[in-house]
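[1] This is the structure alone, sequence omitted:
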């Protein structure tokens, strides 16, 4: 663990990411996304995998499996099959940015043109630019870091949070790999916290019930899930809760460098500005 001092606490990094995250996450659920990617010939989850991996270029499915980490490899390979023969990464990236801008303006209404949003975009960009100085060991983030910044405060705010999200995400994967936790085991541990609906993780990641049960068994054997639980009703053991907590704390710590560009006061200001926007987006997109 690093002993470097910081002007921002790991908890602040976590709170700031969480407050802004709906502004990024809505791009995966907004109806504009399916419509836009469909016009490019990308159906189903192909639009998701192609649009999020496009910053890395026309990479093959193996790279997407590695960098996205917790999706069933067969789902990724099926979704990515022939994608780059039908469309270029540049076309997908252009569509994704338009989707983000159009969806956020629809959801936020007049607030999309407010001074508060412009100020929030400036602050988030400062943090994201600081993150872009630390691309080493973060392949998915590095691809995003090389992209040009979009025009307009709405798109800028979305792009900044996208960068901050992928910066944090790559750090999180590093922690999982260090603890020899595979993709499905990471999902099972997350589900056992009770923070998300059971159906959400299982429906979107493509794993079978049998694979989920096998992963739960492995985690019971490691002492991280309570043995009396079932695949349908998972529960962390005391040791499992400690491991999960340590992973989250380390992830927070690795995300801190980005938010040091703002300091504690700047992060608090950013959260205060964005909180109403995020609540509006959650309500409008059904993320809550």
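    That came through, no problem. Since we're looking at a predicted model, the values are computed, not measured.

[2] What is the burial count for residue 263?
    Residues lying near residue 263 (other CB atoms under 10 Å) number 14. C-beta here means a position set from N, CA and C on the backbone, and glycine is covered the same way.

[3] Quick one: find the helix or strand in this protein with the lowest mean pLDDT.
    For the chain, counting by mean pLDDT, DSSP states H and E, helix 198-205 ranks last in confidence among helices and strands (a mean of 75).

[4] what is the orientation angle of the helix or strand following that helix with helix 198-205?
    The C-terminal neighbour of helix 198-205 among helices and strands, as given by DSSP states H and E, is helix 209-221. Put simply, helix 209-221 runs at 120 degrees to helix 198-205, going by axes from the mean of the first three to the mean of the last three CA atoms, to 10 degrees.

[5] what's the next helix or strand after helix 209-221 packed up against?
    Heading C-terminal from helix 209-221, the first helix or strand you meet, by DSSP H and E, is helix 238-259. In terms of contacts (3 or more CB pairs under 8 Å, 6 or more residues apart in numbering; DSSP states H and E), helix 238-259 is packed against helix 10-25, helix 115-131, helix 153-178, helix 183-192.

[6] any idea of the angle the third one forms with helix 183-192?
    So the one you mean is helix 153-178. Note on geometry: by the same axes, to 10 degrees, helix 153-178 and helix 183-192 are set 110 degrees apart in direction.

[7] who touches the most centrally placed residue in the chain in this structure?
    Residue closest to the mean C-alpha point of the chain, counted by CA atoms, centre = their mean, is residue 165 at 5.0 Å. Neighbouring residues of residue 165 by CB atoms under 8 Å, 6 or more residues apart in numbering: 17, 21, 24.

[8] how many neighbours does the first one have?
    Look at residue 17: counted by other CB under 10 Å, it has 24 neighbours.

[9] List the contacts of the closest residue in space to it that isn't next to it in sequence.
    With CB to CB, 6 or more residues apart in numbering as the criterion, residue 17 has its nearest non-adjacent residue at 5.7 Å, and that residue is residue 168. Residue 168 makes contact with 13, 17, 251, 254-255 under the criterion CB under 8 Å, 6+ apart.

[10] Which two among those residues are spaced furthest apart?
    Taking CB to CB, the two most distant members of these are 17 and 254; they sit 11.6 Å apart.

[11] Low-confidence regions, the stretch 101-250 of the chain specifically.
    Scanning the stretch 101-250 of the chain with the threshold set as pLDDT under 70 gives 197-199, 229-232.

[12] ok, now with 80
    Residue ranges of the stretch 101-250 of the chain with pLDDT under 80: 195-203, 228-233.

[13] Based on its surroundings, how many neighbours for the residue lying closest to residue 42 once chain neighbours are set aside?
    Distance criterion CB to CB, 6+ apart; nearest residue to residue 42, sequence neighbours excluded, is residue 50 at 5.6 Å. Other residues near residue 50 number 26, with proximity taken as other CB under 10 Å.

[14] So which residues make contact with the helix or strand where residue 50 lies?
    Secondary structure from DSSP H and E places residue 50 in helix 46-53. Residues from elsewhere that reach helix 46-53, judged by CB under 8 Å, 6+ apart: 27-28, 33-34, 36-38, 40, 42, 59, 63-64, 67-68, 76, 79-80, 83, 87, 89, 92-93, 95-96, 140, 143.
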